[in-house]
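Novice: mind looking at a prediction? Sequence and model below.
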Amino acid sequence: MQGYNLIAVFSPDKTKMLMCKRIKEPYMGLINMVGGKIEPNESGIDAAYRELYEETGISREDIPLTHLMDFTYPLDPCYVEVYVGQLLRSVEVTGDENPLFWSDLDHDFFDMREYAGEGNIGHIMEHIKLNYDRIFRKDGKL
């Protein structure tokens, strides 16, 4: 079963989230979180940090990630691991896979005409809200 990851990257002040606009299928033209494939014999967390660095230039030293949730799709067959983190400091993001941008958080992330994943991004955002105090410390650190 092929594994994938999605990474919700929040700005240091938690007011913005890093997103990308997909330039190829699946979900071409839709907005998504960054992420990619988990390689054989690679741990989920190592894959998340690798994909994050490859797609954005954000390193393990820039952001601690928390494993938030998983989605399993036995009929496809694949699974998606979701990670979330807050940058420790401002960093310049760079990438040539999909155009990157910082999104405000006041969007309807369930809008499937705009966001990839059949509503999963909205579900992920709601789960982040439900676990906010467990993910982000009050001093602004994870």
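Specialist: On my side now, so go ahead. Numbers count the residues shown, from 1 in each chain.
Novice: what about the residue lying closest to residue 120 once chain neighbours are set aside, distance to residue 9?
Specialist: Of all residues not flanking residue 120 in the chain, residue 71 sits nearest, at 6.6 Å (CB to CB, 6 or more residues apart in numbering). In this view, the C-beta of every residue, glycine as well, is placed from N, C-alpha and C. Separation of residue 71 from residue 9 (CB to CB, to the nearest Å): 19 Å.
Novice: okay, those two: which has more neighbours?
Specialist: Neighbour count, other CB atoms under 10 Å: between residue 71 and residue 9, residue 9 has more, with 25 against 15.
Novice: ok so that one is a strand residue?
Specialist: Yes - with DSSP: H, G, I helix; E, B strand; the rest coil as the criterion, residue 9 is assigned to a strand.
Novice: what residues are up against it?
Specialist: Residue 9 makes contact with 17-18, 33-34, 52, 56, 58, 63, 85, 87, according to CB atoms under 8 Å, 6 or more residues apart in numbering.
Novice: before we move on, what about residue 39?
Specialist: Neighbours of residue 39 in contact, by CB under 8 Å, 6+ apart: residue 47.
Novice: of all the contacts of residue 9, which two lie farthest apart?
Specialist: By the measure CB to CB, 33 and 87 form the most distant pair in the contacts of residue 9, at 14.4 Å.
Novice: out of these two, which sits in the busier spot?
Specialist: Shown here are residue 33 and residue 87; by other CB under 10 Å, residue 33 has more neighbours (25 against 20).
Novice: just to check, that one is in contact with residue 27?
Specialist: No - with contacts counted by CB atoms under 8 Å, residue 33 stays clear of residue 27, the gap being 11.1 Å.
Novice: who are the packing partners of the top helix by length along the chain?
Specialist: The residue-count maximum for a helix in the chain (DSSP state H) belongs to helix 44-56. Judged by 3 or more CB pairs under 8 Å, 6 or more residues apart in numbering; DSSP states H and E, the packing partners of helix 44-56 are strand 2-10, strand 34-38, strand 65-73, strand 78-86.
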